[in-house]
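[1] predicted model and sequence below, questions to follow.
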Amino acid sequence: MSTRSFGAPVRRNEDARLLRGQALFVDDVELPGMVYAAFLRSNVAHARIRSIDVSAARARDGVVAVYTAADLGDYWAPGPLLVPPPPIKDTVFNQRTQVPLAKDKVRHVGEPLAVVLADSRYLAEDALGDIAVELEPLPAVVDLEKAGSSASATVHDDVRGNVAAHVRQSRGDYAAARAKADRVIARRFHYDHGASSPIETRGIVANWDARGNQLTVWDTTQAPVFLRNGLAAMLGMSERQVRVIAPFVGGGFGPKIMLFYPEEVVIPWAARKLNRPIKWIEDRLEHFFATTHERGQTHDAEIALSADGRILGIKDVFLHDTGAYNPYGLTVPINSQCTLLGPYVIPNYDSTFTAVFTNKPIVTPYRGAGRQHGVFVIERLLDIAAHELNIDRAEIRRRNLIPPDAFPYNNEIIYQDFAPLSYDSGNYEPILDKALQMIGYKKFLAEEQPRLRAQGRHVGVGVACYVEGTGIGPYEGAKVQVQANGKVNVATGIGTQGQGHFTVFAQIVAERLGVEVGDVDVVTGDTDQFYWGAGTFASRGAVVAGNAVNEAAKAVRQKILKLAAEHFECAEEDLEIANGEVSVVGVPGQSVKLGALALKANPMRGAVKPGTEPGLESTQYFGPAGGATASGVHAMIVELDPQTFALNVLKYVVVHDCGTVINPLILAGQIHGGVAQGIGNAFYEQLVFDDEGQLLNASLADYLLPTALEVPHMEIAHTVTESPLNPLGIKGAGEAGAIPVGPLFAQAIEDALGLLERNVELNEIPLSPGRLFELTAKLR
Amino acid sequence: MSADRHDITVTVNGTQYRRSVEARLLLSDFLRHDLLLAGTHVGCEHGVCGACTVIIEGAAVRSCLMFAAQADGQRITTVEGLAPDQDHLHPLQESMRDCHGLQCGYCTPGILMTMKAFLDETPAPDEAQIREALSGNLCRCTGYQHIVEAMQLAAERLRGSSL
């Protein structure tokens, strides 16, 4: 029998290539006659364009072409709206999407003005200095609150008050709940957010094959199918004429799902126009401006409670910074609005947000995608409530958890996928219990903390709960095919950026078809290998594409059994599939290899019977009825130096429930990486803008990504509550690690320094040693 | 423009290359685009992320902070030179695979070369030493934990193989 691999910590199929330096990334594509692009970008945040003179650049040796917006002609158009606003009553949405090259105004630092194509990137960058640009600077819109005042400049001349959107969602009757409350707590919270900073920046290579009448584009995208469809439409080609390949991609985390970036519009167009392959690779400085951020919400939130700490209702009014354009619609603020509700029973909820245009880089989802903003608000409100009502922090959470018999639990508001925010399944209290036990919560508070405090050490504990809506539609598909050599090929439309798709999809197929994981060859992100799909976002790869792979593998299994039954002239029930062959149970020597069956299924003579197909192959699709809601609890013990506010995580625990686990090793990696990004977000990473919209720390020396010294050892445990929404019972896990880390840090640091007792609250993220020094000034 | 050019000879993974290079050509670009050894990755081009690390005369060096001309006459090892052959991985690579020490794999070549030089000098490191050595390489996917475990395993294997 084959060793069972589904659910096991299987080593990854893709690793050998990556470890040898043989995996293809976009910048590794080298083609004869290639020219290299560099973009001239605005160095101010807000200005009218008076003139752009590229004549000197065009005259430089080695320069092939220089283009501005004027050269694009009718091809110049604002980009598509990727996600329209959900059908929520009275929603205001002002669509203003990014343009390929700025024409009349620049609206953020780094917005592209012109592109140079030259024989090398070095020469292209030389020529950028030859371009003469005359800009008339305008006041920059930077501050979220000031953006709405009548005195503010406007990012888009026709959008008064810089209002990108206004949305209100509610359930129950908050005013009535408030009137009955024993305690009402109102606070202002600010959650800044950084840049995803994958180690591979963005890049694109476009090759126009005039003979084949086909455009091939290698792109660091998380959504190759959408990119193919959009490019075909923009270029007036049929989709079959455009092939998009997302090869190995060096980390995505959300911003690589964004499209169309200006470079993705300009480079394919220029490749066709010049009839030469073109490469553009973003450098790290560009990445800080040209790749989208996720950033900036200010919440005025209020919680109404009974004396015993039960939540009667929450009211929240928040501002969301959408940057200069809003191509991703309302996904981020809707996620904040919905995820604030967390794992708790909140019978009355009244939430209103205003999304605001500012002269800053565009905001689109980054791992967590606004969920952490909402989680920060509810978790902080509960911490403050626990303190004011003199209830233990873990206990106030426990009292408000949705009970296990309440699922599916409908929150009665609309989620980002346009479906009602309904939690499919969950069992929250055991997760909390396990996290408290693993962190040693009671013993820490009763014994260790007093003992260490007596020694003058500042140690504290934090506990934070969260849910994560994952695995949303619309659908993904997969083709599973047995090859003549007995190996199994899987193709799916999603792209991969390190999630282990080459292995987890192989595990699903191995389980169904009785082959080794290493004998399953997975292809992702090549639109010529698989035509349909959506992309890798919202923690949906394993859930949606994984279930499509499962369905296709099941269909191939049926074909294998049918053909083998004909071959052996026996009943299908008498057959078993294992070790890459089909055998007649109980009859030694009666077996046939899958490869031989695949050959048999593709006859050279005779006829394929009507109603059948050649080959052992099936293409199937899966679209979930709604998102699967994962959940978890993080707990941490932290020590702070009261002089320098240097922080040391002594213990970090994650207990997580994402339903069926396909590969615990890969799942642990997803959690570890999410927590590391959460830690960066909570305590190290901040994008610092001045009041002219200039980013002051656009380098990895100044924007501090956590290193192996800042990210602690983590202990992880799982509970399993299967999702009823897909046959494998899977929930997504990609973003969970990052979501609750902000409030966890705030809570643990407050506890370590005894801040709540001295009326100092940490109601903002990111924190840092410097910021803690400022926030505690009144205590000195 | 008359580019200032240099004729250089470098030995990379045991193969000698003679090339004429522009003075300003970065070693990282030379390796990737002139020699087509694209396993060395470029993440920041300002010496922070460590993705472009290669070994020059036994020392881990960031190839984005050197000009190709400065490598004239030197012996360089890149990630392509780590495994003994097409059928076997180096114990460092094998351990990274066993411990799931990589996800997207983009930072991985730099980490392998940094840790190769480190373990050559420090064959029996503790976790704190590994984390310190690793702290000059940024990884955005793994949270480092599995890499640290991989290095502990690799150190054991390397000590075992040298006995």
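    It's in. All values reported here derive from a predicted model rather than from experimental measurement.

[2] how about the strands in chain B?
    Secondary structure of chain B (DSSP state E): strands at B:5-12, B:15-22, B:53-56, B:59-62, B:75-77.

[3] OK, contacts around residue 94?
    Reading this off chain A. A:156, A:159, A:163, A:164, A:165, A:326 (Cβ atoms under 8 Å, 6 or more residues apart in numbering or on different chains). Heads up, the C-betas are built off the backbone N, CA and C, glycines and all.

[4] think we crossed wires, I meant chain B
    Shown in contact with residue B:94 (Cβ under 8 Å, 6+ apart): B:154, B:157.

[5] how close does the closest residue to residue A:550 other than its chain neighbours get to residue A:522?
    Using Cβ to Cβ, 6 or more residues apart in numbering or on different chains and skipping residues adjacent in sequence, the residue nearest residue A:550 is residue A:508, 5.1 Å away. Distance of residue A:508 to residue A:522, computed by Cβ to Cβ, to the nearest Å: 10 Å.

[6] next: residue A:437.
    Note on residue A:437: its distance to residue A:522, by Cβ to Cβ, is 38 Å.

[7] who's in contact with the helix of greatest length in chain B?
    When chain B is parsed with DSSP state H, its longest helix is helix B:145-162. Helix B:145-162 has contacts (Cβ under 8 Å, 6+ apart) with A:668-669, A:672, A:708, A:711, A:713-714, B:91-92, B:94-96, B:98-102, B:111, B:115, B:119, B:123-125, B:127, B:130-131, B:134, B:139.

[8] pull out the buried residues from the residues you listed.
    With neighbours counted by 16 or more other Cβ atoms under 10 Å in any protein chain shown, the contacts of helix B:145-162 contain buried members at A:668-669, A:672, A:708, A:711, A:714, B:91-92, B:94-96, B:98-102, B:111, B:115, B:119, B:125, B:130-131, B:134, B:139.

[9] run a quick neighbour tally on residue A:609.
    Counted with other Cβ atoms under 10 Å in any protein chain shown, the neighbours of residue A:609 add up to 7.

[10] equivalent analysis for residue A:295, please.
    Residue A:295: 24 surrounding residues under other Cβ under 10 Å.

[11] that one against residue A:190, yeah?
    No - with contact defined as Cβ atoms under 8 Å, residue A:295 does not count as touching residue A:190 (11.1 Å).

[12] any idea how far the closest residue to chain A within chain B lies from residue B:106?
    Nearest to chain A, among the residues of chain B, is residue B:39, at 1.8 Å (Cβ to the nearest Cβ). Going from residue B:39 to residue B:106 by Cβ to Cβ gives 11 Å.

[13] of these two, who's got more company?
    Using other Cβ under 10 Å as the criterion, residue B:39 and residue B:106 rank with residue B:106 on top: 29 against 26.

[14] what sits against that one?
    Listed by Cβ under 8 Å, 6+ apart, the contact partners of residue B:106 are A:25, A:198, A:199, A:200, A:248, A:250, A:251, B:41, B:43, B:51.

[15] so what's residue A:689 up against?
    A:142, A:360, A:695, A:696.

[16] now list the buried members of those.
    Buried among the contacts of residue A:689 (16+ other Cβ under 10 Å): A:142, A:360, A:695.

[17] in the sheet, who's paired with the last one?
    Yep, that's residue A:695 we're talking about. With DSSP bridges as the criterion, residue A:695 is bridged to residue A:689.

[18] in the stretch 501-650 of chain A, which residue sits closest to chain B?
    Counting by Cβ to the nearest Cβ, the stretch 501-650 of chain A gets nearest chain B through residue A:503, at 9.6 Å.

[19] chain center to the helix or strand where that residue lies, what's the gap?
    Assessed by DSSP states H and E, residue A:503 sits inside helix A:501-513. Mean-position distance between helix A:501-513 and its chain equals 23 Å (Cα atoms, centre = their mean, to the nearest Å).

[20] format the CA atom coordinates belonging to the lowest-mean-pLDDT helix or strand in chain B as PDB.
    The weakest-scoring helix or strand in chain B, judged by mean pLDDT, DSSP states H and E, is helix B:145-162 (a mean of 94). Output in PDB follows, covering the C-alpha atoms of helix B:145-162 (Å, rounded to 0.1, in the frame of the first residue of the first chain):
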ATOM      1  CA  GLN B 145      11.600  29.200  12.700                       C
ATOM      2  CA  HIS B 146      11.900  26.400  10.200                       C
ATOM      3  CA  ILE B 147      15.100  27.800   8.900                       C
ATOM      4  CA  VAL B 148      16.600  27.800  12.300                       C
ATOM      5  CA  GLU B 149      15.600  24.200  12.800                       C
ATOM      6  CA  ALA B 150      17.000  23.300   9.300                       C
ATOM      7  CA  MET B 151      20.400  24.900  10.300                       C
ATOM      8  CA  GLN B 152      20.500  22.900  13.500                       C
ATOM      9  CA  LEU B 153      19.900  19.700  11.500                       C
ATOM     10  CA  ALA B 154      22.400  20.700   8.800                       C
ATOM     11  CA  ALA B 155      25.100  21.400  11.400                       C
ATOM     12  CA  GLU B 156      24.500  17.900  12.800                       C
ATOM     13  CA  ARG B 157      24.600  16.300   9.400                       C
ATOM     14  CA  LEU B 158      27.700  18.200   8.400                       C
ATOM     15  CA  ARG B 159      29.500  17.200  11.600                       C
ATOM     16  CA  GLY B 160      28.400  13.600  11.000                       C
ATOM     17  CA  SER B 161      29.700  13.600   7.500                       C
ATOM     18  CA  SER B 162      33.100  15.000   8.400                       C
END
